[in-house]
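Undergrad: Model the structure of this input:
(2 chains)
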Amino acid sequence: MTLSLHIEDLALSRGGRRLFSGLELRLESGQACALTGANGSGKTSLLRAVAGLCAIDSGHIAFGAAEPAAARSTGLHLLGHLDGLKVSRTAGEELVFWTGWQGGTASAMEAAVGRLDLQRLLDLEVRRLSAGQRRRLALARLLSSPRPLWLLDEPLSPLDAQWRAKALEIMAGHLTGGGLILAAVHDPLPLATLALEILP
Amino acid sequence: MSAALQLLRREMAIAWGRGGGLMVTGGFFAGATLLLPLASGPEPERLAQIAPGAAWTVLALSALLGLERLFERDYEDGALDLMAHAALPLEFTCALKCLGHWLATGAPLALLAPLAAIALGASPVLAPLLFACALAGGLAFAFTGGIGAALSLGARRGGLLTAVIVLPLFVPPVIFGGGALDAFTAGLPWRAGFALLGAYAAAAVALGPLAMAAACRNALS
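TA: A predicted model of the protein is given here:
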């Protein structure tokens, strides 16, 4: 699936409070956008609105040639603070489940496990993993089922310096392959070609 | 399709897994049934009279136990976010979750229900009908219960709220099933009550997931 992300004149409210209005963004294949803004400015809400999880007040979110429903169900990955991993199950069980759920292949999953160095962690319950290890597991889920648009909510924050570099490398590889990244960040994102600051 | 099967397997693994969902529900069922002769006196004739109804009521109450966690856990850890924008429609996902819940707890309880009734002194002839009623009733309890569980997402003390929402929805299947069992014991025609119970279960399976998915989307947005 090829898609692009066009946001026009978007306005969003949460709990009766207007977060932002008139937001514009055009993200094409191979581009990454760093989304910045103060705490509570609506970065996460914007990502969830793009994924179709929260209602918008006005404006348009389009995915280029792709139908919105198809783009949302099979064309994007959402990676947030809540990673959807069950603490009572093992890392391996969860990775296999989500790979199957998102239509990924076993070979892609194995490659992702190798790339994120997860072999030794697969037998552990998710509750035993550190925050950084959990994030690596969540990143492996992204790689296991290739989808063009990645919506990332502070993707690097729990990672150490070595894994930050590795994660940036993975993200750069995704862009080279024609992917798109919209990432909410607090620190500058080196590979971002676009920047969007949410102002109230 | 494989995604659907995997979800069903995961739901059952979570329900059975660590913490022993089935042991807890089964233990509750056995314990509550045991309280009855202690509370109402041990005269065999009286116990035998109320045994089917008691097993049936305790079954409805046991069905409440796992409901609280049916959507709450996935809501809290973000899995519901990923399920809400997936190739599988959320309605179907909700139906699979309820089906998994029923397979993991409702169906085994249906095996326990006739045992409990016989232990209280009910006639063993009643066992097949009680088992069938418990199967169909359990399905109705799971799918109407799912509505309550989805509606109380994000609420504090969601389990209690779920019970309050769901108990009125449990009334029709309890009446139909209880009526069928009563009629069978008295040698009267019992098929009508059982057919109504089946119809209610079928309606719950068909319509419940629509309400659950709407409630989940509302909680997520």
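Undergrad: Pretty sure A:R134 sits against A:V126.
TA: Yes: counting by C-beta atoms under 8 Å, A:R134 sits close enough to A:V126 to count as a contact (6.7 Å). From N, CA and C alone the C-beta is placed, and that goes for glycine too.
Undergrad: okay, and the common contacts of these two?
TA: With contacts defined as C-beta atoms under 8 Å, 6 or more residues apart in numbering or on different chains, the residues adjacent to both A:R134 and A:V126 are A:L85.
Undergrad: so A:A91 makes contact with A:Q119?
TA: No: no contact is recorded between A:A91 and A:Q119 when judged using C-beta under 8 Å, the distance being 10.2 Å.
Undergrad: Compare those two (neighbour count), which wins?
TA: It is A:A91, of A:A91 and A:Q119, that has more neighbours when counted by other C-beta atoms under 10 Å in any protein chain shown, with 24 against 11.
Undergrad: Could you pull up the residues touching the more buried one?
TA: Taking C-beta under 8 Å, 6+ apart as the definition, contacts of A:A91 comprise A:85, A:118, A:121-126, A:129, A:137.
Undergrad: List buried residues within the residues you listed.
TA: For these, a burial check counting by 16 or more other C-beta atoms under 10 Å in any protein chain shown picks out A:85, A:118, A:121-122, A:126, A:129, A:137.
Undergrad: can you tell me which of these are in helices?
TA: Using DSSP state H, A:L137 are the members of the buried ones among the contacts of A:A91 that sit in helices.
Undergrad: In JSON lines, list the buried ones among the contacts of A:A91 along with pLDDT and distance to chain B.
TA: Putting the buried ones among the contacts of A:A91 into JSON lines (pLDDT from 0 to 100; distance: C-beta to the nearest C-beta, whole Å) gives the following:
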{"residue": "A:L85", "pLDDT": "91", "distance to chain B": "7"}
{"residue": "A:L118", "pLDDT": "93", "distance to chain B": "19"}
{"residue": "A:L121", "pLDDT": "93", "distance to chain B": "18"}
{"residue": "A:L122", "pLDDT": "93", "distance to chain B": "16"}
{"residue": "A:V126", "pLDDT": "92", "distance to chain B": "9"}
{"residue": "A:L129", "pLDDT": "93", "distance to chain B": "13"}
{"residue": "A:L137", "pLDDT": "94", "distance to chain B": "13"}
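Undergrad: just checking, which of the buried ones among the contacts of A:A91 belong to strands?
TA: Counting by DSSP state E, these place none of their members in strands.
Undergrad: how about the longest helix belonging to chain B, does it reach chain A?
TA: As assigned by DSSP H, the longest helix anywhere in chain B is helix B:191-220. Yes: judged by C-beta under 8 Å from any C-beta of the partner chain, helix B:191-220 comes into contact with chain A at B:L220.
Undergrad: If we ignore the residues flanking it in sequence, what's nearest the residue of chain B found nearest chain A?
TA: Residue of chain B nearest chain A, by C-beta to the nearest C-beta: B:G78 (2.7 Å). Leaving aside its chain neighbours, B:G78 sits nearest to A:L82 (2.7 Å; criterion: C-beta to C-beta, 6 or more residues apart in numbering or on different chains).
Undergrad: just A:A66 next, same as before
TA: Sequence neighbours aside, A:L3 is the residue nearest to A:A66 in space, at 4.1 Å (criterion: C-beta to C-beta, 6+ apart).
Undergrad: what's the distance between the one you found and A:V113?
TA: Taking C-beta to C-beta, to the nearest Å as the measure, A:L3 falls 27 Å from A:V113.
Undergrad: Likewise for A:E24?
TA: Taken as C-beta to C-beta, the span from A:E24 to A:V113 is 39 Å.
Undergrad: Compare those two and say which one has the larger neighbour count.
TA: Set side by side, A:E24 and A:V113 show more neighbours around A:V113, with 21 against 11, by other C-beta under 10 Å.
Undergrad: ok, and what's touching the host helix or strand of the more buried one?
TA: In this structure, A:V113 is located in helix A:106-115 according to DSSP states H and E. Contact with helix A:106-115 is made by A:95-96, A:99, A:118-119, A:122, A:139-146, A:170, as judged by C-beta under 8 Å, 6+ apart.
Undergrad: 7 Å instead?
TA: Outside of helix A:106-115, the residues within contact range by C-beta atoms under 7 Å, 6 or more residues apart in numbering or on different chains are A:95, A:99, A:119, A:140, A:143-146.
Undergrad: which of the residues in it are buried?
TA: If you call a residue buried by 16+ other C-beta under 10 Å, then helix A:106-115 has these buried ones: A:109, A:112-113, A:115.
Undergrad: same check, this time on stretch A:52-67
TA: Applying 16+ other C-beta under 10 Å to stretch A:52-67 flags A:52-54, A:56, A:59, A:61, A:63-64, A:66 as buried.
Undergrad: Out of those residues, which sit inside strands?
TA: Among these, the subset assigned to strands under DSSP E consists of A:59, A:61.
Undergrad: Turn the buried residues of stretch A:52-67 into TSV, columns for pLDDT.
TA: Compiled in TSV, those are given as follows (pLDDT from 0 to 100):
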residue	pLDDT
A:G52	91
A:L53	91
A:C54	89
A:I56	91
A:G59	92
A:I61	93
A:F63	92
A:G64	88
A:A66	86
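Undergrad: Could you identify the pair within the buried residues of stretch A:52-67 that is furthest apart?
TA: Greatest spatial distance among those (C-beta to C-beta): A:C54 and A:G64, at 21.6 Å.
Undergrad: export the helix or strand where A:H174 lies as CSV, just CAs?
TA: Applying DSSP H and E as the criterion places A:H174 in helix A:161-176. Output in CSV follows, covering the C-alpha atoms of helix A:161-176 (Å, rounded to 0.1, in the frame of the first residue of the first chain):
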residue,chain,number,x,y,z
ALA,A,161,21.9,5.8,24.1
GLN,A,162,22.9,2.6,22.2
TRP,A,163,19.3,1.7,21.4
ARG,A,164,18.4,5.2,20.5
ALA,A,165,21.0,5.1,17.8
LYS,A,166,19.7,1.7,16.7
ALA,A,167,16.1,2.9,16.7
LEU,A,168,17.0,5.9,14.6
GLU,A,169,18.7,3.6,12.2
ILE,A,170,15.5,1.4,12.0
MET,A,171,13.5,4.6,11.4
ALA,A,172,15.9,5.8,8.7
GLY,A,173,15.6,2.4,7.0
HIS,A,174,11.8,2.7,7.1
LEU,A,175,12.0,6.1,5.4
THR,A,176,14.5,4.8,2.8
